[in-house]
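*Asks:* Sequence and predicted structure, then a few things I'm wondering about:
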Amino acid sequence: MSERSEFTVESGSVEQRLLPSAEPVRLIDQHGVAHEHPQYEMPAAQTLAGGYAQLVTGRRINDQAGALVRQGRLAVYPSSHGQEACQIAATMVLGAQDWLFPTYRDTVSIVSRGVDPIETLTLLRGDWHSGYDPYEHKVAPQATPLATQLLHAVGVAHAARLKGEDTVVMALCGDGATSEGDFHEALNFAAVFRAPVVFFIQNNEYAISVPLSKQTVAPSLAHKGIGYGVPGERADGNDLAGLLAVLGSAVAKARAGEGPQLVEAHTYRVQAHTNADDASKYRDDAEVTPWLERDPIKRLDAYLTGLGVLDDEAKQEATRAAEKVADALREGLMQEVQPDPAELFEHLYTTPTPQLREQAAFLADELAREEV
Ligand SMILES: Cc1ncc(C[n+]2csc(CCOP(=O)(O)OP(=O)(O)O)c2C)c(N)n1
């Protein structure tokens, strides 16, 4: 018997098991019209109504954070404007026992998980590593180095599986991050050890100024799972209903012991990469306009209004709740903070290295001289 013949394809053809749908799964189109799907069911109307309220708050957080940058209260803000359906769906499908591993663009997702918005934005204010306790809501610190969080996510999922815990890990990343070595190592390790992870790529078509066409020639980013034996699926990233169905199914499979799952949401980065970027240098407004028509809030509003589930009172209530969050953000981030420079050296190593001790002593000495 040759060595290779020991490799057998698990039940079903490779195509059935691993290949994503030919088109991203979409249950509600941009006009708010529902479409049946052979594999995925429309979520309950009440679930979608709850999601609508979260979308409205998420959009408000994005807009408010942008204003706070202009007022000098935040150092930087990578907005998820237009990507809010991805942000909200990623947490709606999780249980309290699950973990979220976010990137710098996933503020709205973190808040949707229950983390205090001011604590969430502390990192982006630029005076502390992370303002929230990762264990309280099972949300890892926001990762700025691309794809590093995916390896950490796999580690947590693997550990949970070894301990027999009922934990699924939702690991977020962007399209650009799928070109990083860490992305591929994370997928491979997770597949070999059947770690319960859902890798969720928000393909917003840009990595700063690099368009997707210069990032990859793969048929889709969901196809990248095939080489590792990780099933992939694609969803319309502006359709909360489709995202809930696809991500919900991926989480259920990971929880049932079927190993890691890969989901690509096709969406669009409506605004610049951050306030430090000028998107007009590398793309035309004409490219952005059609995406504004595919807005995730607009289409859910149209669908739920048509069903009679969302009336004016419910919409006003959603707006009022969002304004409350924005008010709290403004108030909280207007407070002057006096970070202790010595905190720079905290939370780095259990036992500080001799170099760090030396640098901390040097800083303390300099500060003491200033005070004299
Ligand atoms: C390892 C690493 N390399 C480069 C960067 C610089 N960088 C910051 S954001 C970014 C683009 C990331 O694009 P994508 O993964 O698509 O996420 P998006 O910003 O669109 O959400 C790059 C290259 C980084 N943060 N980390």
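*Replies:* Right, received. Where do you want to start?
*Asks:* Quickly check: the longest helix anywhere in the chain near the ligand or not.
*Replies:* The residue-count maximum for a helix in the chain (DSSP state H) belongs to helix 45-70. No: Helix 45-70 is not in contact with the ligand by Cβ under 6 Å from any ligand atom; minimum separation 13.0 Å. The way it works is simple: take the backbone N, C-alpha and C, and place the C-beta from them, glycine included.
*Asks:* list the helices and strands that helix packs on?
*Replies:* helix 84-92, helix 107-112, helix 117-125, helix 240-255, helix 296-307, helix 312-334 (3 or more Cβ pairs under 8 Å, 6 or more residues apart in numbering; DSSP states H and E).
*Asks:* Do you know the pLDDT at the closest residue to the ligand within the stretch 201-350 of the chain?
*Replies:* The nearest approach of the stretch 201-350 of the chain to the ligand comes at residue 207, 3.2 Å away (Cβ to the nearest ligand atom). With respect to pLDDT, residue 207 has a value of 98.
*Asks:* just to revisit the earlier point, specify the angle between the longest helix of the chain and helix 117-125 in degrees.
*Replies:* For helix 45-70 against helix 117-125, the angle by axes from the mean of the first three to the mean of the last three Cα atoms, to 10 degrees is 40 degrees.
*Asks:* avg pLDDT for helix 45-70?
*Replies:* Per-residue scores along helix 45-70 average to 98.
*Asks:* List the buried residues in it.
*Replies:* By 16 or more other Cβ atoms under 10 Å, the buried positions in helix 45-70 come out as 48-49, 51-62, 64-66, 68-69.
*Asks:* cool, and stretch 264-273?
*Replies:* Neighbour counts over stretch 264-273 (16+ other Cβ under 10 Å) mark 264-273 as buried.
*Asks:* Write out the residues of the protein neighbouring the ligand.
*Replies:* Going by Cβ under 6 Å from any ligand atom, the residues of the chain near the ligand are 105, 144-146, 174-177, 204, 206-208, 269, 273.
*Asks:* can you tell me which of those are in strands?
*Replies:* 174, 206-207 (DSSP state E).
*Asks:* From those, pick the one nearest residue 237.
*Replies:* Nearest to residue 237 among these is residue 174, at 11.4 Å by Cβ to Cβ.
*Asks:* What's opposite that closest one in the beta bridge?
*Replies:* Residue 174 forms beta bridges with residue 202, as assigned by DSSP bridges.
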